[in-house]
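Q: I'd like to go over a predicted model; first the sequence, then the structure.
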Amino acid sequence: MNPSMKKYSLLFLKIIVALPFLGAGIAKISGVETMVDTFETIGFGQWFRYLTGIIEIASAILLFVPNKQLYGALLLVCTMIGAVGAHLLWLGPSAVPALILGALAGIIGFIYRPNKIAS
């Protein structure tokens, strides 16, 4: 694959991952009823909805900030691990979307991993 194709493929992947997180984060922060109800069901309090929304928005933005992409991807992977757990424990019915988004964020993180091998 030529370098130009790799560059645009990665950009496309980051956009595909960032958009759902931006949308979900904005919905959480703005208090969309579905999000409020979801976090009520989880039982950690509405402060956790705000925190999760901020993390999702900030992480999605970090995917496009030079030298910060790895951090954004890792935060999104951790967020999706929590989402999978929440779906399995409280929310149902399916954790598949969270698994897919987490895997895609993991791919981005893998691409931006440091190339140094620890000695």
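A: Now that the structure is in, tell me what you want to look at. Residues are numbered from 1 along each chain as shown.
Q: show me what contacts the residue nearest to the spatial centre of the chain?
A: Central residue of the chain (Cα atoms, centre = their mean): L76, 3.1 Å from the mean position. Counting by Cβ atoms under 8 Å, 6 or more residues apart in numbering, L76 touches 17, 21, 56, 59-60, 63, 101-102, 105. C-beta: built from backbone N, CA, C; applies to glycine.
Q: helices of the protein, start to end?
A: Counting by DSSP state H, the chain has helices at residues 3-30, 33-42, 46-62, 69-86, 96-111.
Q: format those helices as TSV; extra columns: mean pLDDT.
A: As requested, the helices of the chain are exported to TSV (pLDDT from 0 to 100):
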stretch	mean pLDDT
helix 3-30	96
helix 33-42	95
helix 46-62	98
helix 69-86	97
helix 96-111	97
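Q: for R113, give its distance to L22.
A: Distance, R113 to L22, using Cβ to Cβ, to the nearest Å: 24 Å.
Q: what does L70 give?
A: 19 Å.
Q: what sits against R49?
A: 28, 35-36, 38-39 are the contacts of R49 under Cβ under 8 Å, 6+ apart.
Q: excluding chain neighbours, what is closest to T52?
A: Residue nearest to T52 in three dimensions, not counting chain neighbours: K28, with 5.8 Å by Cβ to Cβ, 6 or more residues apart in numbering.
Q: of the contacts of R49 - the most surrounded one?
A: K28 (25 neighbours; other Cβ atoms under 10 Å).
Q: and the gap between it and P3?
A: Note on K28: its distance to P3, by Cβ to Cβ, is 37 Å.
Q: what does I111 give?
A: 14 Å.
Q: and stretch 25-42, what's buried?
A: Going by neighbour count (16 or more other Cβ atoms under 10 Å), the buried part of stretch 25-42 is 25, 27-29, 32, 35, 38-39, 42.
Q: list the contacts of that stretch.
A: Contact partners of stretch 25-42, identified using Cβ under 8 Å, 6+ apart, comprise 24, 45-46, 48-50, 52-57, 60, 86, 90-91.
Q: swap the cut-off to 10 Å and go again
A: 23-24, 45-61, 79, 82, 85-86, 89-92 (Cβ atoms under 10 Å, 6 or more residues apart in numbering).
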